[in-house]
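Student: here is a sequence together with a model predicted from it:
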Amino acid sequence: MLLAFLLLYPLYKIGAFGAGDVKLFVLIGSFQNIREVTAVMAGAFVIGAGFSLVKLAVERNGRERLRYFLSYMLEVCRTRHWKIYGEDFKQDYHTYCKNKIHFAVPILFSAVCRIGGLF
């Protein structure tokens, strides 16, 4: 449980993960060993990346998202201070939601695949 929390808390602090996503991994860590939790995490990130690529293709905003990510990283490097990712879009709720995926679904798929022995 502690490993999941320590690894994912920084992602929560910058807004890349929601609190529910962190809690799901902590819950998985409460009944699985470290090896299983890291396997579920790795699987969830791979599945989530696939979901994100599909969403980028459907929304046709890959260049825009890449530009935003690079400007975000440059700002972090320049100021040496982390800020919440996507904070600029909170005024426009539609754009803010359009650029997010619900990570609970990749976590579920990864946990089911790992418990089922698919990876």
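Tutor: Great, that's in hand.
Student: run a quick neighbour tally on I47.
Tutor: With neighbours defined by other CB atoms under 10 Å, the count for I47 comes to 18. Every C-beta, even on glycine, is put in place using the N, C-alpha and C of the backbone.
Student: all strands of this protein, in order?
Tutor: When secondary structure is read from DSSP state E, the chain shows no strands.
Student: low-confidence ranges, it, go.
Tutor: Counting by pLDDT under 70, the chain has low-confidence residues at 89-91, 93-98.
Student: for it, which segments count as helices?
Tutor: Remark: helices assigned in the chain by DSSP state H are 2-13, 19-31, 34-59, 62-79, 93-98, 104-116.
Student: these: which one's closest to G86?
Tutor: helix 93-98 (6.3 Å; CB to CB).
Student: chain center to stretch 4-20: distance?
Tutor: How far stretch 4-20 lies from its chain's middle: 8 Å, per CA atoms, centre = their mean, to the nearest Å.
Student: just the buried residues of that stretch, please?
Tutor: Going by neighbour count (16 or more other CB atoms under 10 Å), the buried part of stretch 4-20 is A4, L8, Y12, F17.
Student: contacting residues around it?
Tutor: 21-22, 25-26, 28-29, 37, 41, 82-87, 103-104 (CB atoms under 8 Å, 6 or more residues apart in numbering).
Student: end to end, how far does it reach?
Tutor: Stretch 4-20 has an end-to-end distance of 13 Å (CA to CA, to the nearest Å).
Student: contacts only, for V76.
Tutor: Applying CB under 8 Å, 6+ apart, the residues near V76 are W82, K83.
Student: got it, and I101?
Tutor: Counting by CB under 8 Å, 6+ apart, I101 has contacts G48, F51, S52, K55.
Student: now the first one, nearest residue through space, not along the chain?
Tutor: By the measure of CB to CB, 6 or more residues apart in numbering, the closest residue to G48 outside its immediate chain neighbours is P106, 3.9 Å from it.
Student: thanks a lot, catch you later.
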